[in-house]
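# Have a look at this fold, sequence not included:
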């Protein structure tokens, strides 16, 4: 793994790098990991196939997921060829095996959701029963009628990786927070030289048209920007804004989902029929705003929705964002943060020194296996 990261630093720094972070956590967490496979409840397959997608390629015009599918097929073939591992894969048709797939459409292993589910080619066709049974850790949670890359009863949603430091955002007094909603990012997508009219289902483009001049109403501003800033300037902009707009791109999740929370900004999620990470543990309405795609595209409706949220409610949401920040990061939770969240949960669920997202993954797996989060000193073993 170290050689992989050295050859391609994006493997451990891009928004898709959760596959590296989760593996590092498992290596360090002796309470979760067991060495004897007969004692394991789940099996994590350390495949870093998404890493390949972050490499610069001369053949970028070709299917970038082709190599990803080959990597997974090779790993599954190796496991099944070695009976000491293959016996566990076959035992439950890999339904207790976990694979992290963090690109836009996750388990579909494709650059779009074409409504046909996984693209089982390039060697994967040999492993169809196993691929369809596995548990996938992924960012994509779209469950609309035409979506086919997410199974709510099986897959576990995780946040993208952000490089921002939450500690900076916590130290900004409320008096310095500006009454504005900000979006900064890609608005038009050129697909190999051609503008794609289907990008973002026209939500981002419509937001630009409606608010391109920094539209204000009663001292509340909506800003839609496409100019790229230095990371420090971008984070500072988010951290000093009341709301951060998180509209869908090709997928209904985006990097801004994690960036807004890390910056202490109230996320405004715009993407229909979409589940979010760990909704069974966290009340999203306590720290975010959910806006439908139709509402976002209706003239000035978004501004009206946000402007009607009282100052008191804004303060509550900002406080909740800051409190929940550690659960949306792959960094170790600090002692005080763990204590604060355990008070909220009214039980000892979180421990310091382990990544917050990883602990929520473990809780979700624990619920699936035995229906209990903890019993005495027992924790879920993977």
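That came through fine. Predicted model, so just to flag it, every value in this text is computed and none were measured.

# Tell me which stretches of the stretch 151-300 of the chain form helices.
Secondary structure of the stretch 151-300 of the chain (DSSP state H, counting those that start in this stretch): helices located at 166-170, 203-211, 231-239, 256-262, 293-297.

# which one of these is the most hemmed in?
helix 256-262 (a mean of 26; mean count of other C-beta atoms under 10 Å). (C-beta placed from N, C-alpha, C; glycine too.)

# still on that earlier bit, select, out of the helices of the stretch 151-300 of the chain, the one closest to residue 152.
Nearest to residue 152, of all those, is helix 256-262, at 17.8 Å by C-beta to C-beta.

# helices or strands up against the closest one?
helix 231-239, strand 241-247, strand 266-270 (3 or more C-beta pairs under 8 Å, 6 or more residues apart in numbering; DSSP states H and E).

# These into CSV, with extra columns for mean pLDDT and distance to residue 174?
As requested, the helices and strands packed on helix 256-262 are exported to CSV (pLDDT from 0 to 100; distance: least, C-beta to C-beta, whole Å):
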stretch, mean pLDDT, distance to residue 174
helix 231-239, 93, 12
strand 241-247, 97, 10
strand 266-270, 98, 12
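
# among these, which is nearest residue 130?
Going by C-beta to C-beta, the one of the helices and strands packed on helix 256-262 nearest residue 130 is strand 266-270, 33.2 Å.

# For the closest one, name the packing helices and strands.
Looks like strand 266-270 contacts strand 241-247, helix 256-262, strand 289-291, helix 311-324 (3+ C-beta pairs under 8 Å, 6+ apart).

# Out of the helices of the stretch 151-300 of the chain, which is closest to residue 361?
Nearest of the helices of the stretch 151-300 of the chain (C-beta to C-beta): helix 256-262, 15.2 Å.

# rewinding a little: can I get the helices and strands packed on strand 266-270 in TSV with distance to residue 207?
TSV is the format used below for the helices and strands packed on strand 266-270 (distance: least, C-beta to C-beta, whole Å):
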stretch	distance to residue 207
strand 241-247	7
helix 256-262	13
strand 289-291	11
helix 311-324	21
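
# can you tell which of the ones you listed is closest to residue 281?
That would be helix 311-324 among the helices and strands packed on strand 266-270, by C-beta to C-beta, at 10.0 Å.

# What residues sit buried inside that closest one?
Applying a neighbour-count criterion of 16 or more other C-beta atoms under 10 Å, the buried positions in helix 311-324 are 314, 317-318, 320-324.

# try stretch 211-226
211, 220-225.

# Most widely separated two among these?
220 and 225 (16.7 Å).

# would you turn the buried residues of helix 311-324 into TSV with pLDDT and distance to residue 190?
Listed next are those as TSV, based on pLDDT from 0 to 100; distance: C-beta to C-beta, whole Å:
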residue	pLDDT	distance to residue 190
314	95	37
317	96	36
318	94	36
320	93	38
321	94	34
322	91	37
323	91	40
324	92	36
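
# which residues in the stretch 1-150 of the chain form helices?
2-7, 18-28, 49-53, 66-81, 83-91, 128-131.

# so of these, which one's packed in deepest?
helix 49-53 (a mean of 22).

# Centre of the chain to it, how far?
16 Å (C-alpha atoms, centre = their mean, to the nearest Å).

# contact partners of it?
4, 8, 10-11, 16-17, 19-20, 64-65, 67-69, 71-72, 100-103 (C-beta atoms under 8 Å, 6 or more residues apart in numbering).

# Of all the helices of the stretch 1-150 of the chain, which one is nearest residue 266?
Nearest of those to residue 266, taken as C-beta to C-beta: helix 18-28 at 23.5 Å.

# In terms of mean pLDDT, which of the helices of the stretch 1-150 of the chain ranks lowest?
Among the helices of the stretch 1-150 of the chain, helix 2-7 carries the lowest mean pLDDT, a mean of 76.

# From residue 88, how far off is residue 136?
18 Å (C-beta to C-beta, to the nearest Å).

# I meant to write residue 6 there.
Noted for residue 6: a distance of 31 Å to residue 88, by C-beta to C-beta.
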